[in-house]
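*Asks:* Pasted the sequence and its predicted model underneath.
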Amino acid sequence: MKTIDWKDWEIFCRVVEGGGFTQGAELAEVPKSSASAAVARLEGQLGVRLFERTTRRVRVPQRGQQLYDRVAPLFGALREISAEAASVSSEISGTIRIATPYEVGSQHLSPTLNHLLKLHPSLRVQLDMNWDQPDLIRHGYDLAFVMTDTGLSDSSFASKRVVLIERALYAAPSLIRERGLPRTPKDLVGWPTVGSLDETHWEFMRDGVETYSLDVDPRICTHNAEVRLKAAVDGLGVTRLSPRFVHEQLVQGQLVRVLPGYSSSPLKVYVLMPARKLMPASVRAFLTALEETLGVPETRRPVPSAATAPVPEVALAVDADGADDQPVILTLD
């Protein structure tokens, strides 16, 4: 019996998960030529076609999918065992891969990352800016920060906390002079706006109660807060952003807050991670540093359901009974 090259099997799984050889090679951290060669060797050993290749795409036939469905969980288990073994190491090292929206990464994670890297010289961090909720397993992330107006779109990952990022409306002084000072939310009807891709209305709240909803049709639609900020500074429209994000522009007089007696609905920030029984020591250290730098007093553990794996253990305060599956909502000042 020939020696089994399990690396070829792992690369095969990564190509399936990446939807092609280019992304699969990146996930496997090998050159694309090596990924193609590994799959070719495996096909030769098994005597079956694992992929159907065309000039435009790669498709997984039924036999290839059956093999993937049986083998992929085994590699997942091996990675979990490796993570558990590494978690008992006293030295914090390796690479933490984090996906985060731009606003969260630039405004809230930098102090945590800087603090952590100073404490652990052997640790590395890869920070990818990503608005959408990524597939942590497929893309190999240890943690993902997700911002949403509503809730999470996938409950298969463990979520550790929710933070509220306050938002308000801002405009350039030139736009205020042109349009006049608005005194009620209704006064903004017809004003040009700059918003996110999914924004169709803005809520106006007083004492936590919504009092008015303004329909918006933004002139510029983007998830990139930096683009929205610059557009607002140039007088292209009113925009909704975090007070922390626009602090410098407010101090310099480039923006003014519109209707300061009202607040808008906050953004929820979830921290997601793969559901593991034990997490790597580096990830645990990051969560501990996050608690220290943001001053998070509490986080609660969701109740595991039949559809989700056990909630990972973390070095954060949790309710002993674990009976409340609603995360605590905190405000980042």
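*Replies:* Structure's in. What do you need?

*Asks:* what is residue 220 paired to in the beta sheet?
*Replies:* Residue 220 has these beta-bridge partners by DSSP bridges: residue 194.

*Asks:* In this model residue 230 seems to touch it, though I could be wrong.
*Replies:* No. Between residue 220 and residue 230 there is no contact under C-beta atoms under 8 Å: 9.7 Å. Quick note: C-beta positions are derived from backbone N, CA and C, even for glycine.

*Asks:* So in this structure, where's the weakest helix or strand by average pLDDT?
*Replies:* strand 329-331 (a mean of 29; mean pLDDT, DSSP states H and E).

*Asks:* Alpha carbons of stretch 209-221, as CSV, please.
*Replies:* What follows is stretch 209-221, C-alpha atoms only, in CSV (Å, rounded to 0.1, in the frame of the first residue of the first chain):
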residue,chain,number,x,y,z
VAL,A,209,-37.4,56.0,22.1
GLU,A,210,-37.7,56.4,18.4
THR,A,211,-39.7,59.6,17.6
TYR,A,212,-39.2,59.9,13.8
SER,A,213,-37.9,57.9,10.8
LEU,A,214,-36.5,59.7,7.9
ASP,A,215,-36.4,58.0,4.5
VAL,A,216,-33.0,58.5,2.8
ASP,A,217,-31.8,57.9,-0.7
PRO,A,218,-28.0,58.6,-0.4
ARG,A,219,-26.1,60.2,-3.2
ILE,A,220,-23.1,58.1,-2.2
CYS,A,221,-23.6,54.6,-0.8
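
*Asks:* now the helices for the chain?
*Replies:* Secondary structure of the chain, counting by DSSP state H: helices at 6-18, 21-28, 32-46, 62-87, 102-104, 110-119, 136-139, 173-179, 225-233, 247-251, 281-294.

*Asks:* For the first one, which helices and strands make contact with it?
*Replies:* It stands for helix 6-18. helix 21-28, helix 32-46, helix 62-87, helix 136-139 (3 or more C-beta pairs under 8 Å, 6 or more residues apart in numbering; DSSP states H and E).

*Asks:* Return the set of buried residues in the first one.
*Replies:* Using 16 or more other C-beta atoms under 10 Å as the test for burial, helix 21-28 gives 21, 23-28.

*Asks:* One more: the second one?
*Replies:* Judged by neighbour count using 16+ other C-beta under 10 Å, the buried positions of helix 32-46 are 32, 34-36, 38-39, 42-43.

*Asks:* Output the below-cut-off pLDDT ranges for the stretch 51-200 of the chain.
*Replies:* 55, 83-91, 149-163 (pLDDT under 70).

*Asks:* nearest to residue 187, of the buried residues of helix 32-46?
*Replies:* Distance to residue 187, by C-beta to C-beta, is smallest for residue 32 among these, at 56.9 Å.

*Asks:* quick one: that closest one and residue 18 touch, right?
*Replies:* No. At 10.7 Å, residue 32 and residue 18 do not qualify as touching, with contact defined as C-beta under 8 Å.

*Asks:* shared neighbours of the two, which are they?
*Replies:* residue 25 (C-beta atoms under 8 Å, 6 or more residues apart in numbering).

*Asks:* about what we covered before: okay if I get the buried residues of helix 32-46 as CSV plus distance to residue 260 and pLDDT?
*Replies:* Shown next, in CSV, are those (distance: C-beta to C-beta, whole Å; pLDDT from 0 to 100):
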residue, distance to residue 260, pLDDT
32, 54, 89
34, 58, 90
35, 56, 89
36, 60, 90
38, 60, 91
39, 60, 91
42, 63, 89
43, 65, 88
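
*Asks:* Tell me the one of those residues nearest residue 188?
*Replies:* Closest to residue 188, out of all of the buried residues of helix 32-46 and judged by C-beta to C-beta, is residue 32, at 51.5 Å.

*Asks:* what's in contact with stretch 239-258?
*Replies:* With C-beta under 8 Å, 6+ apart, stretch 239-258 has contacts from 103, 107, 165-173, 176, 182, 188, 193-195, 199, 202, 225, 228-229, 231-233, 238, 264, 267, 332.

*Asks:* so how far is the first residue of that stretch from its last?
*Replies:* The straight-line separation of the ends of stretch 239-258 (C-alpha to C-alpha, to the nearest Å) is 9 Å.
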